[in-house]
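Undergrad: Pasted the sequence and its predicted model underneath.
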Amino acid sequence: LDPESRQSIAENLVIDPIMGKQLNLVSDDQRKALMEKCRGARLLVIDTLSRVHQLDENSNGDMARLIAAFEDIAKVTGAAVLFLHHANKMSIREGQGDHQHAARGASSLIDNARWCAYMSKMTADESKRYSERSGGAPILGRREQFVRYGVSKQNYGQTQLEQWFTRADGGVLIPTTLHAVEKSSAGNKEGRDRV
């Protein structure tokens, strides 16, 4: 970030750790206390969803109530509410962490949200198909360094394209361009085919 952006963040970013706290933002008292803290904020990030409620994550009714509580926070404070949530194990195992309903728990978490993005580690299959440079070797054993970001649900506006990132020092994610690995193909006149 440029110095001006860093200064703006230093002046405006507030981090309130919730480790060890038993929050329940469906509770009127706790939600109102948070809204007081967030008055005038532009963005509220909740990391992670499971730490701010005491409801059944698999209940559509309970999760609809939780999303309604977030909508209340957004309406009163004027801030966008962004929450982080985990994908279910089966989606991750099947390489489908980028699908709209890969989120753990009830479908109303996604159905009632306006926007949903994902970050997904590079799969073993993807590591065979991509290279860091055109005509280069597959990524293979270094796949843990790459993360794919995309939007799986967007109610308003144009859908964004996926973006690959590589991990730099300190876990910082840097946008990167990956290239399809070329492999020879007997059926192709030029002897090369893109995977």
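TA: Received, thanks. Numbers count the residues shown, from 1 in each chain.
Undergrad: residues in contact with the most centrally placed residue in the chain?
TA: The centroid of the chain falls nearest to Tyr118 when counting by C-alpha atoms, centre = their mean (3.6 Å). If a contact means C-beta atoms under 8 Å, 6 or more residues apart in numbering, then Tyr118 has Ala87, Gly97, Asp98, Ala102, Arg148, Tyr149, Gly150, Val151, Ser152 as its contacts. C-betas here are computed from N, CA, C, even on glycine.
Undergrad: try 6 Å
TA: With contacts taken as C-beta atoms under 6 Å, 6 or more residues apart in numbering, Tyr118 has the following neighbours: Asp98, Gly150, Ser152.
Undergrad: where does Gly61 land in three-state SS?
TA: Reduced to three states with DSSP: H, G, I helix; E, B strand; the rest coil, the structure at Gly61 is helix.
Undergrad: count of residues packed around the residue nearest to it when sequence neighbours are not counted?
TA: Among residues not flanking Gly61 along the chain, Ser108 sits closest, at 7.8 Å (C-beta to C-beta, 6 or more residues apart in numbering). Each residue near Ser108 was counted by other C-beta atoms under 10 Å, and the total is 17.
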